[in-house]
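1. have a look; sequence and predicted model below, questions after that.
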Amino acid sequence: MEYRALVLEDIRENDEIKALILQQSKYLEDLGYTEHGIRHISYVSKTTANILRETGADERTVQLGEIAGWLHDIGNALSRKYHGLTGGALAYNVLARMGMDPAESALIANVIANHEEETGVATSALSAALQLADKSDAHRSRINKRTYDENDIHDRVNMSIKKNYLVVDRNKNIIRLVIIMDGTSAPMEYLQIYIPRMVMCEKAATYLGYTFELVINGVLINHHKRARGKMVLRSSERELSPTD
């Protein structure tokens, strides 16, 4: 049997996938969660591909990263709980119907099933890159304006983040997440809700052969063996994540 080498454009144009993404977005919006629609999946798709490209993956793996990023949250169309696991199963079946090579479909299913910090483990470069991309996306543009509550820590933290981006420093083998916050919230509140995700990012970066650094408002948070204090990005360090 001849299989199709699907690319992101094929995925974006598929009616089943469009329906699942619309449902995931509507369901989480109704529950009051931050945005999980086109903006978020576009960010994760592009950032996953960029991380893979910068860390030396071949072009087909980069393409699979784009696809996995676009599909990673479709399990939310069914339920928030265990959405990574259900999303992996959904993705495998849709991709199989579209004619993708079963080995590629199975890899993407595994990557999606392992993108949540409660149960996820990176066992491939594709999985590690998706974890880093997904967990780096905290930003005020994700706020659900209809249900925004300044007393909710998740809403406050996301509202405070004016900019976030990832940098891969290949000379020092560092993947750095840079967060810029205003006074709406505080770094301590960010850490209260994001520490498990940042631990996942540390493990994902290690899998890729890199060290993960978290920098909030110019202060290096998590890697104490390096110089403390203000961080200055060199002009050669390119932002990998799309900015808003």
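-> Right, received. Where do you want to start? Residues are numbered from 1 along each chain as shown.
2. low pLDDT regions in this protein?
-> The chain contains residues with pLDDT under 70 at 223-239, 242-244.
3. quick one: the helices in the chain?
-> Under the criterion DSSP state H, helices of the chain are mapped to 8-12, 15-31, 38-54, 59-71, 83-97, 102-113, 125-135, 153-160, 187-207.
4. so for M181, which of those sits nearest?
-> Closest to M181 of these is helix 153-160 (C-beta to C-beta; 4.4 Å). From N, CA and C alone the C-beta is placed, and that goes for glycine too.
5. which of the residues in the closest one are buried?
-> 154-160 (16 or more other C-beta atoms under 10 Å).
6. outside of that helix, which residues touch it?
-> 34, 138-140, 142-144, 148-150, 181-186, 189-190, 192-194 (C-beta atoms under 8 Å, 6 or more residues apart in numbering).
7. now, of these, which are buried?
-> Buried among these (16+ other C-beta under 10 Å): 34, 138-140, 142-144, 181, 184-185, 189-190, 194.
8. now the residues you listed in TSV, with distance to I17?
-> Below are these laid out as TSV (distance: C-beta to C-beta, whole Å):
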residue	distance to I17
T34	21
A138	25
H139	24
R140	28
R142	21
I143	25
N144	23
M181	34
T184	35
S185	34
E189	35
Y190	32
Y194	29
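9. of those residues, which belong to strands?
-> Judged by DSSP state E, the subset of these located in strands is M181.
10. one step back: nearest to E59 among the buried residues of helix 153-160?
-> N158 (33.7 Å).
11. D149 versus that closest one, what's the distance?
-> According to C-beta to C-beta, to the nearest Å, N158 and D149 sit 12 Å apart.
12. next: M100.
-> From M100 over to D149 (counting by C-beta to C-beta), the distance is 41 Å.
13. ok, A106 next?
-> Distance from A106 to D149, by C-beta to C-beta: 41 Å.
14. over to E104?
-> With C-beta to C-beta as the criterion, E104 and D149 are 42 Å apart.
15. what does R170 give?
-> From R170 over to D149 the distance is 42 Å, taken as C-beta to C-beta.
16. same thing with A204?
-> As judged by C-beta to C-beta, A204 and D149 stand 31 Å apart.
17. N93: how many residues sit nearby?
-> If you count neighbours by other C-beta atoms under 10 Å, N93 ends up with 13.
18. what does H36 show for phi and psi?
-> Dihedral pair for H36: phi -130, psi 30, per degrees, to the nearest 10.
19. who's in contact with it?
-> H36 neighbours (C-beta under 8 Å, 6+ apart): 24-25, 28, 73, 76.
20. and those, which is closest to A5?
-> Using C-beta to C-beta, those come closest to A5 at D73, 23.8 Å.
21. hmm, that closest one is touching G87, no?
-> Yes - using C-beta atoms under 8 Å, D73 makes contact with G87 at a distance of 6.5 Å.
22. residues in contact with V215?
-> Contacts of V215 (C-beta under 8 Å, 6+ apart): 176-179, 221, 231.
23. bridging residues for it?
-> Residues in a beta bridge with V215, per DSSP bridges, are V178, L220.
24. so what's the residue count around K26?
-> Using other C-beta under 10 Å: K26 sits among 14 other residues.
25. ok, R176 to L214 distance?
-> Taking C-beta to C-beta, one finds R176 at 8 Å from L214.
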